[in-house]
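> how does the following fold in three dimensions:
(2 chains)
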Amino acid sequence: MLMCPVGVAWAQSVSIGGIVKDEQNQTLPGVTVSVKGEKQITVTNDNGKFSVQATKAPATLVFTYMGFAPKEVTTSADNNLNVIMKVSSSNLNEVVIVGYGTQKRASLLGSVASVQAEELTKVPVTNLSQALVGRLPGLITNQSSGLPGSDQVNLYVRGFSSLNKNSPLILVDGVERSFNNLDPSEIESVTILKDAASAAVYGVRGATGVILVTTKRGKDGKPTFTYATSYTLSSNTRMPEYLNGKEFVNWYNYADEINGRSNTFSQSVVDKVNNGDPDGIYGNTNWMKEVLKSTAPTMQHNLTLRGGNQSVKYFTSLGYLNQQGIIEGVDYKRYNLRTNLDATVTKDFSISLDVAGNVAGANSPQVSNFTGNGSSVSTNLMNQIIIAHPYLNAKTPDGRYLTSSLLSGDNPLAARDLSGYNNNDNTGVQSSLSLKYKPSFLDGLSFKVVGSYDKNFYHTKSFYTPYTLWTADPASGNSSLYETASPYGTIAMLSESYTQSSRWTMQEFINYSKTFNKKHAVDALIVAEQSSYNTTGLGASAQNFDLTDLDQFGFAKDNPNKPYGSNTTVNRLGYVGRVNYTYDNRYLAEFSGRVDASTNFPANNRYGFFPSVSAGWRISEENFFKQWHTAVSNLKLTASFGILGNDVTSGSYEYLRFMNVSGSPVANLGGGNVNGMLPTSYPNTNLTWEKAKTSNIGLNIEFWHGLLSAELNGFYKLTTNILTSVSNTYPPSIGGYYPTTVNSGKVDNRGLELVINHKNKVNDFSYAITGSVSWAHNRILSMDQSADIPEYQSLIGRSIGAKTGLVALGLFQSDAEAKSSPVVSTSAKAGDIKFKDINGDGKISYEQDVTVIGRSSIPELNYSFNFSSSYKNFDLSFLVQGAAICDNALMGYYDGIGWDDTQFTRTFYNGGNTPKYLVENSWTPANTSGKYPRLDNQWRSNNNWASSMWIVNGAYLRLKNVQLAYNLPKLLKTKLGLGEARIYVAAMNVFTSSAFKYLDPEAPSVSNGYYPQQKTYSLGVSITF
Amino acid sequence: MKKNILYITSLLVILLVTSCKNFLEPKPTDKYSESVAFSSEANAKLYVNSFYPILNYYGLFGSAYLSGNMYTDGLTDIMKTAGSTIGSNGAIANLYATSPGLITSDQNSLDIWSNAYYYIRLINEFMTGLDKSNLPAGVKVNLAAEARFFRGYLYFLLMRNHGSVVLITELTTEASHPLSSANDCWNVVEADLDYAALNLPETAADAGRITKGAAYAMKSRAMLYAQRWQSAYDAADKVLKMSKYGLNDSYSGAFGSYFSGNKEAILEFKYSYPKLAHSYDAIVSPGGDDALYQFGGDVEPTQELVEMYEKAGGGTVNWAAWHASDVTATPPWETLEPRFKATVLYNGAEWKGRTIETFVDGKDGWTAYPPAGGSNRGASVTGYYLKKYVDENHTDLVNISSSQPLVEIRLAEVYLNFAEAAFNLSNAPDANKGINAVRNRAGLPALNLSGTALLAQIKKERTIELAGEGQHYWDLRRWKDAENTLTGKYVHGIKIINTDSGYQYNYITCDDAPRQFPAKLYAFPILSSELVNNPAITQIKGW
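A predicted model of the protein is given here:
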């Protein structure tokens, strides 16, 4: 009975056979061949051949193969079917790194973005973070400095959502490590985890996002050497043009005239500047040209060896970077070495050993603080360059360094060449040993133990050597010079410090992964993680050297400061659980959570639980959807919710009270100096972590098997318990008897990320386009401010980093107008800034009339357009990247002082040189339509406040990088015995467009002088053999 | 094999779960626990030591007022500070002197509220801990007396600023505190200084710690401000009766340490270079001292001060001839009493083995006010330099900071406090006795005055005796004389031109605008940071 219908079926069956090949005409073994609507399935053999029986003709055969677009062929009996399969551009099968593991993109539930090795090394960068700009949707970036060794990009996952730490947790191969000292060539991928679903496994530290860096590992195959080298020339992106000597004296004297003063520069000095000075003192110096190089070279070499067999795989890499600064004496060198080994010991047991080391050192002249921070303006060499007076020669004919009595400054050339040096060295070792056990008798179960130990040594040494300047007195006009010490003193000073940090991490994994009844896929994970981080420091200083040739303490005569030492430990413990369930590839669900303990918190608040839940629906896998499958190959909806933490505290043990024994004497009692002892600040015994509740909704759609795809994510994040200072909410009369910080801040953050990919190949031309937009908008919901602060001053509802100041209404056009208007100072007159009297009290006072006048410098919107293409042996790619919804302030905020003018807001600020545009556009009786306040060379109380006059739109568009490469043709490579050979030219920061065209749009807010981002041009070669 | 590995793995997981008891209780390795504070007398003393910097901070060399306390005299008619640009050379004193509108409840460089209450809290906290500690009763009383001296001093300074303040004498986290009545506040000052005076020894075991004499002397000063004349009189009298103090034979020697033989020093703060030092010499020295021509001359005596001095041996000087231009006669500087020569450096004075040159383009220089670029760069605006307290033996001003001691209260002041208290108690004989003690040391004849002439002489003697010691501004406010003395007035100097035929002396104005002192400045405003966060407080009237 049973045989009968079968027999009937057999009778009508057809046999179909043939061969499957790829577009290069290579046979494809292992392709799954199934008959549509029937149960028949087979696989192509080693020669790509197959044969299958279908019950009726014509039959539709479906060919599927990993990495290729599925193909359907309808045919009747045929034994010589020739099927060509095209490589799929779909990334659904791509494996994505997630927290403590990997997942296929198709079944991914969290919001993650990643970038692969090829993208990271397209254009030579000196710091890995630079390679991430514009490549990871959801990553908000800002690079404020181009200083060798300090040119890392600030990274923020989905912008700001805390009033404290906003920088993400960075894990390199699963362990918290800095990636500033990594060589970009040793990186396989960088992934950012953006939402709670993906970051919940990092618990108390995941709230600000997580960046996972994975290093390259060995591969099955013969040993492959890759040698890559590049030579880069860099120059400043933007620096304003400053007055030359002639312009300076003319404008300065004109400022005197407007003020009704006698000319500072006598006619004889003006003549010397214009016509030459027989004494060689006055002249026309372009200090930028004098002190800065026009271009600075950077050299990189990297050699890697990669290979392996079934039992041992290896990757080893050796890197070298030598980056010269645009200022002589500024440089950064780095050496990297890494070896990642994987060995399969038995069928079930494998072991991995990773060892990496780096040695890096940055040098700069001693007087060279480039950060632009206000408190150290005087030691900022860039500041010295821009303020230096151009009517003086750099040196007298007999080689004496000149400075002007009108300027409490330095001679930047002397500061560069004679001030000594700063030297920062860093040596680090990172090691991990991992044991993996997958017992074959326990299907689906695996165990892993990873132990890591990292050690970093930091050494800083700074040696100041005094030097002499010669001061000219242009006010007197006489040609005698008087000897002046450098502004930093006449005593040589040496300071040196050593800091070492060590971190050990133990992670134990139990993983269970199994599919039941082909439909129920379960993946469960338990991790226990324990880490301890210790830093120990030692530093000393000494001064007064008879000779300054050798920089050792033994030669110093005084050591007024004691050596100091420090030692702190932070321990953390966490348990992670995650269960991922997939039903029939259609319905996805994941629960994860972490219990964390951190010694940053008091015992009663030490443990926290951070859960997340997420769900996904692959609509495209539903039967009803299959009819549209050729057009819409993937459609997935995901949603997640979770709670994450941020364990940042401003120091360790903030919940405990200590007695602080003063390091230096407080009084001289009983015939000698005595120390004092005071309690440290009031402890917060209820200290706890910040909590970020994050929701995310995602939509993934793919058309025509990867020809076009898009990913849209929307999120809302509410961060509570943010540690904020509360000193502004207590009256000073209780003398600070309250915890300085409490968990009271509240911020929400919402945003959207859209990525669109398009990949295609037309004959020999293939290209890929990725466009992405990330928008994140935060609002402060609660923070430290007085209860009865007027609405116009309240920062509640504003974004973090909003700029405050007075509202400028324009400039007074007459002294009478100034007299009759509310002003800061009664000395205000025509050409001074007219401010808005917001509280209407008839006066302008900064405290009363200050309001929000600008947005944060961190952009709300980042976008990028990434194009890459190849044609025959050439490939071309470029990245356009930009930011919007942000403001920059030209006035500066000085630590401990507040807002003040800068070189970019006041002519002859601090008696220094001034940008040409500022002088030329300033208000003068002859130029009453001038945009900027009255030309002056004096301090004026009316104009030095932060005001909306100095807020400029920070939006910019940048041609971030361009690369054109030529790959050697196959024939030539074979002749030369090379695997791959490639030569390229590349450029970075080629073109920038922004509203304010005199400064780099990413310049720091206090820009009295900073080391600007660099524009670079590179030539590179990469050879594989 | 397989099983073993499985066991090992499981074991590791179990170990981790159970072995972390101490792991999460790490002990701090570079901080002391709060339990050490009162574990011994030595530790508690270390705690009290931390209150001594109060003397430095609010003293002449400290930075409590105007970013440098030595600048407060520049708010009066007797001194001129040199800078005109914020951040340089006492510019704030000049700005405040002519534009007192800059003083607001939001910003006041003369305000000390936050710092004073910070220390008051520390002292309250110290006393709370001390009280609970197991230290012997005698030790407790002694340490409490030392601490309460500082609290009394701080409340006195606060009262001097505001006239009535918030009284917090116990540790509190309560934000609501109203201003207390002046009477209650002065009671606290008096009680604290009395407790200190009663319980402290006349001679401290550690030279430099607060003594009985210091507490009484401070009380005599504070009670003048409180107008508690009897209390002031009694406190001064106690000090005057102590045999350990005596006026230094020479006025110029009155500013040394008690421990190097200056019996006049009652309360002092000692410095010791390099770890405890100040920068008075670099700030005040004549520009010619500093070969580097960078700083100096920030506080300069005015012609107004110079003209207050009597002739040596007594008698007034007629300065009318020098209130003119192009005068060729040398001003009568050489004829003035010794306190002038100890206080003022003038053109031709001997200094550090050289002669002072304050003429235009002289070594010490002269510059117009406001100076070009905002800073006088070591030149004088008035034609004079301040000499008092400057260390003549200090030569490397650029690299080595100063360590001359601060004599916060010296016996001469106590005589003057005594005189003023006595006058207000209608005790003219004692009032005359007080000023005559001071005059006698200056080689001036004794006076026997009464009524307003006596009061005027007490004030004048005090102005001269304490000139440049950071007291005059506060005295002017206390006497309610500031409006009369200052409003609408300019301070003056002498510009000297060195010509081939000798010096030409020119009487000049050293202010760019008339000085102003509105009556409301007699009590400074409460800062807005206090007003907005302390629900119980109301602003002082007039602000």
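
> distance check, A:N660 against chain B.
Distance, A:N660 to chain B, by CB to the nearest CB, to the nearest Å: 7 Å. Glycine gets a C-beta too; all of them are placed from N, C-alpha and C.

> brain fart, A:V43
32 Å.

> swap in A:F601?
If you go by CB to the nearest CB, the gap between A:F601 and chain B works out to 10 Å.

> thinking that residue is in contact with A:T685, fair?
No: assessed by CB atoms under 8 Å, A:F601 is found out of contact with A:T685, at 10.3 Å.

> how about B:A349, nearest residue that isn't a chain neighbour?
Leaving aside its chain neighbours, B:A349 sits nearest to B:I356 (4.6 Å; criterion: CB to CB, 6 or more residues apart in numbering or on different chains).

> which neighbours do A:F601 and A:T685 share?
A:Y655 (CB atoms under 8 Å, 6 or more residues apart in numbering or on different chains).

> and the two? Which one has more around it.
Comparing A:F601 with A:T685 by other CB atoms under 10 Å in any protein chain shown, the one with more neighbours is A:F601, at 24 against 14.

> so what's the more buried one up against?
A:647, A:649, A:655, A:687-689.

> where does chain B have low pLDDT?
Residues of chain B meeting the criterion pLDDT under 70: B:1-21, B:26, B:86-88, B:291-294, B:373.

> surely A:A692 is in contact with A:R205?
No: between A:A692 and A:R205 there is no contact under CB under 8 Å: 11.1 Å.

> could you identify the longest helix within chain B?
helix B:137-162 (DSSP state H).

> now check that helix, is it near chain A?
No: if you take CB under 8 Å from any CB of the partner chain as the test, helix B:137-162 misses chain A, and the best it gets is 9.7 Å.

> buried ones in that helix?
Buried positions in helix B:137-162, judged by neighbour count with 16 or more other CB atoms under 10 Å in any protein chain shown: B:140, B:142-162.

> next secondary structure after that helix?
helix B:182-199 (DSSP states H and E).

> can you give me the strands for the stretch 401-550 of chain A?
Counting by DSSP state E, counting those that start in this stretch, the segments of the stretch 401-550 of chain A that form strands are A:402-404, A:420-437, A:445-464, A:468-472, A:481-485, A:493-516, A:520-545.

> mind listing residues that contact the lengthiest helix in chain A?
What stands out as the longest helix in chain A, according to DSSP H, is helix A:245-258. Applying CB under 8 Å, 6+ apart, the external contacts of helix A:245-258 come out as A:243, A:262-265, A:269-270, A:273-274, A:282-285, A:389-392, A:474, A:831, A:907-908, A:913-914, A:916, A:919, A:924-925, A:934-938.

> ok, then the element right after it?
Moving toward the C-terminus from helix A:245-258, the next helix or strand (DSSP H and E) is helix A:267-275.

> can you give me the angle that following helix makes with helix A:245-258?
Between helix A:267-275 and helix A:245-258, the angle comes out at 150 degrees (axes from the mean of the first three to the mean of the last three CA atoms, to 10 degrees).

> count of residues packed around the residue in the stretch 651-800 of chain A positioned nearest to chain B?
Distance from chain B to each residue of the stretch 651-800 of chain A (CB to the nearest CB) is smallest for A:G735, at 2.5 Å. Residues contacting A:G735 under the criterion other CB under 10 Å number 24.

> likewise for A:N180?
Counted with other CB under 10 Å, A:N180 comes out at 18.

> correct me if wrong: it contacts A:V125.
No: assessed by CB under 8 Å, A:N180 is found out of contact with A:V125, at 11.9 Å.

> buried ones from the contacts of A:F601, can you make that a PyMOL selection?
The following PyMOL line selects those of the contacts of A:F601 that are buried, judged by 16+ other CB under 10 Å:
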select buried, chain A and resi 647+649+655+687+688+689
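
> show me the contacts for A:D764.
A:871-872.

> oh, that last question was meant for B:L305, not what I typed.
Per CB under 8 Å, 6+ apart, neighbours of B:L305: B:77-79, B:343-344, B:463-464, B:467.

> again with A:D410
By CB under 8 Å, 6+ apart, the contact set of A:D410 is A:367, A:384, A:388, A:403, A:469, A:486-488.

> try A:K222
A:G307.

> hmm, 10 Å instead?
Going by CB atoms under 10 Å, 6 or more residues apart in numbering or on different chains, A:K222 touches A:306-309, A:979.

> output the residues you listed as JSON lines; include the columns secondary structure, distance to chain B and pLDDT.
Shown next, in JSON lines, are the contacts of A:K222 (DSSP: H, G, I helix; E, B strand; the rest coil; distance: CB to the nearest CB, whole Å; pLDDT from 0 to 100):
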{"residue": "A:R306", "secondary structure": "strand", "distance to chain B": "29", "pLDDT": "93"}
{"residue": "A:G307", "secondary structure": "strand", "distance to chain B": "27", "pLDDT": "92"}
{"residue": "A:G308", "secondary structure": "strand", "distance to chain B": "23", "pLDDT": "91"}
{"residue": "A:N309", "secondary structure": "coil", "distance to chain B": "22", "pLDDT": "91"}
{"residue": "A:G979", "secondary structure": "coil", "distance to chain B": "39", "pLDDT": "80"}
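
> element containing the residue in chain B positioned nearest to chain A?
Going by CB to the nearest CB, chain A is nearest to B:R121 of chain B, at 2.5 Å. Following DSSP H and E, one finds B:R121 within helix B:113-132.

> what do you get for A:I140?
Using DSSP H and E, A:I140 sits within strand A:139-142.

> ok, that strand: who's next to it in the sheet?
According to DSSP bridges, strand A:139-142 forms sheet pairs with strand A:154-157 (antiparallel).

> now the buried members of the contacts of A:K222.
In the contacts of A:K222, the ones that pass as buried (16+ other CB under 10 Å) are A:306-308.

> quick one, what contacts residue 290?
Picked chain A for this. Counting by CB under 10 Å, 6+ apart, A:E290 touches A:385, A:388, A:390, A:393-395, A:411-413, A:416.

> ah, no, chain B please
B:281-282, B:296-297, B:364, B:377-378, B:395-398.
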